[in-house]
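**Q** okay, sequence plus prediction incoming.
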Amino acid sequence: MRLNALESLSVQIAEQIARSQSSLYLRGIAALDIKSAAALARHRGETLALDGLTSLPNELATALARHRGEGLSLGGLSRLEPGTAAILAEYRGRLALNGVSSLTPAVATELADHRGKSLSLAGIRQLAPETASVLAGYGGDLYLEGLTELTGELSRAFQDFTGKLQLKFHEIRRKRRRQVQREEVGTPFSLFFWLAVAAVLSIAGYELFVFLSELIGSI
């Protein structure tokens, strides 16, 4: 439901549109009161996009972090304080903060604890190795589409990252590679297992042949 032309929202309207099972795009909303935010948080659809918000007091962040849908987009925020980041990290859906252009290690530490499946920080165009090392501890998929590639220290910082890492032109799936390696390690065991089964069947077949031969010879 695209309602980007709306510039204000009453609690009553928020309660009505929150019943939608589809995404809610409310990018024209530049300010939101707590009661309206609490009403929108009951939305159980896909994404709730409030990209018109340029500031996010902790009380408002707490209300929106309770959103029951699948994703929350707050693309109008250009910076985050560690306290606000800690509140948003409690959100259990996909979190998009694509307006944030820089991250301190303190903010990255909070965001790395995000409970949702993915974290999008597409506005980040430069990332310090120290901050990258912190973000690498995130357990979901990480979207850093402002970065074109990872080299040197940045590459080493993400070498143990377990999710999908989406850059501007390509994605990196380190977890999948480790799974393939584990499967390859497991291949010799599987081969030995089936060889052992074949050997047992061969021995059993030979013993059956000998038994039948002796039985026929005794008739």
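**A** Thanks, I have it.
**Q** in this protein, which spans are helices?
**A** Along the chain, the segments classed as helices by DSSP state H run 11-17, 34-40, 58-64, 82-88, 105-111, 129-135, 152-157, 174-217.
**Q** show me what the shortest one is packed against.
**A** Using 3 or more C-beta pairs under 8 Å, 6 or more residues apart in numbering; DSSP states H and E as the contact criterion, the secondary-structure elements in contact with helix 152-157 are helix 129-135. Just so you know, the C-beta spots here come from the backbone N, C-alpha and C atoms, and that holds for glycine as well.
**Q** list the buried residues in the helix it packs on.
**A** Neighbour counts using 16 or more other C-beta atoms under 10 Å place T131, A132, S133, V134, L135 of helix 129-135 among the buried residues.
**Q** gap between the third one and T47?
**A** Taking C-beta to C-beta, to the nearest Å as the measure, S133 falls 30 Å from T47.
**Q** kindly report the same for the fourth one.
**A** In this view, V134 and T47 are 26 Å apart by C-beta to C-beta.
**Q** can you tell me how far L24 is from E70?
**A** Distance from L24 to E70, by C-beta to C-beta: 11 Å.
**Q** who touches both of these two?
**A** Shared contacts of L24 and E70, defined by C-beta atoms under 8 Å, 6 or more residues apart in numbering, comprise G45, T47.
**Q** of these two, which one has the most company?
**A** L24 (22 against 17; other C-beta atoms under 10 Å).
**Q** could you give the bridge partners of that one?
**A** L24 has the following beta-bridge partners by DSSP bridges: L48.
**Q** please list all residues in contact with it.
**A** Taking C-beta under 8 Å, 6+ apart, we find L24 in contact with M1, L3, I17, A18, L40, H43, G45, T47, L48, A49.
**Q** can you do 10 Å?
**A** 1-3, 14, 17-18, 40, 43, 45-50, 67, 69, 73 (C-beta atoms under 10 Å, 6 or more residues apart in numbering).
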